[in-house]
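Visitor: Structure, please.
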Amino acid sequence: KAAMVAKDNNSNTQPANVVDGLSTSERFVKYLHSGFIHIIPKGIDHILFVLGLFLSTIMFRKLVWQVTTFTLAHSISLGLAASGVISISADIIEPLIALSIAFVAFENIRNSEAGSSRLIMIFIFGLLHGLGFAFVLTEFGLPSNSFLTSLFAFNIGVEVGQLTVLAVAGILLYSWSKKPSYRMFVQIPGSVLIGFVGLYWTIERLLNI
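Guide: Okay, here's the model as predicted:
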């Protein structure tokens, strides 16, 4: 199941064996790498959500606002979950993450350009995705002697992964996005595909609870 790393979201602030004995720089690189691979190649659901944002607009300014809102939200919830302030079961979060993918995709079909009200929904969805990112940290744990450094490195890795997805999509589709055929042959078909995958994952994850 995409992005399902752990079902137990217990405290993860204790040093894990996988990071014992590492220097600060080695630990930073390890968590940076972990955050990146949680997006590319392991985070197909997060990739589809980011692509849904990309397909929501042909205006760079709107895309920047959406990505910034998403980043802010998932950084907040990731930090809160990693520090043990909040703890919500993956059985709740994972279906909601899948549903957020479907919602964004089908909104793209309904509207050729995202409205400003979507930022509120993206912030809420970002909080959900941040909790999903937090599950992967249960594999490593966050060492108490370098908690903030490790958390920061993981979050940076996630951001680099997301920006890589957007950069590739931009390189491949930016020129086409300026043409009238873009909505008919890229925006709508791409969003339909992403939306149905999101719905499939929603049902699958609900049935596997």
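
Visitor: which element follows the longest helix belonging to the chain toward the C-terminus?
Guide: Secondary structure assigned by DSSP state H gives helix 147-177 as the longest helix of the chain. The helix or strand immediately downstream of helix 147-177 is helix 181-182, counting by DSSP states H and E.

Visitor: could you list every residue that touches Phe154?
Guide: By C-beta atoms under 8 Å, 6 or more residues apart in numbering, Phe154 lies in contact with Tyr31, Leu32, Ser34, Gly35, Leu78, Phe133, Leu137. In short, each C-beta sits where N, CA and C put it, glycine included.

Visitor: Nearest to Ile203, out of the residues you listed: which one, please.
Guide: Set against Ile203, the nearest of the contacts of Phe154 by C-beta to C-beta is Phe133 (22.9 Å).

Visitor: For the chain, which residue occupies the most central location?
Guide: For the chain, the residue sitting closest to the mean C-alpha position, by C-alpha atoms, centre = their mean, is His46 at 3.9 Å.

Visitor: wait, that residue sits on Val136?
Guide: No: contact criterion C-beta atoms under 8 Å: His46 and Val136 do not qualify, at 10.7 Å.

Visitor: about what we covered before: leaving out sequence neighbours, find the closest residue to the residue nearest to the centre of the chain.
Guide: Closest residue to His46 apart from its sequence neighbours, by C-beta to C-beta, 6 or more residues apart in numbering: Ile39 at 5.6 Å.

Visitor: got the contact list for that neighbour?
Guide: Going by C-beta under 8 Å, 6+ apart, the list of residues near Ile39 reads His46, Ile47, Gly157, Val158, Gly161, Gln162, Thr164, Val165.

Visitor: Which of the three states applies to Thr57?
Guide: Secondary structure, DSSP: H, G, I helix; E, B strand; the rest coil: Thr57 is coil.

Visitor: Might you list the low-confidence residue ranges for the protein?
Guide: By pLDDT under 70, the low-scoring segments of the chain are 1-21, 140.

Visitor: can we see that at 80?
Guide: Low-confidence segments of the chain (pLDDT under 80): 1-22, 114-116, 137-145, 209.

Visitor: all helices for it, in order.
Guide: Taking DSSP H, the helices of the chain run over residues 24-39, 44-54, 60-82, 90-110, 118-140, 147-177, 181-182, 188-207.

Visitor: Touching the shortest one from outside, list them.
Guide: Contacts with helix 181-182, where a contact means C-beta under 8 Å, 6+ apart, come from Ile58, Leu173, Trp176.

Visitor: Spatially, what comes nearest to the first one if we skip its sequence neighbours?
Guide: Nearest residue to Ile58, sequence neighbours excluded (C-beta to C-beta, 6+ apart): Ser177, at 4.4 Å.

Visitor: The one you found: how many residues sit nearby?
Guide: 18 (other C-beta atoms under 10 Å).

Visitor: Met121 now?
Guide: For Met121, the neighbour count with other C-beta under 10 Å is 15.

Visitor: What residues does the nearest residue to it once chain neighbours are set aside make contact with?
Guide: Counting by C-beta to C-beta, 6+ apart, Phe103 is the residue found nearest to Met121 once chain neighbours are left out, at 7.1 Å. Neighbouring residues of Phe103 by C-beta under 8 Å, 6+ apart: Met121, Phe125, Gly198.
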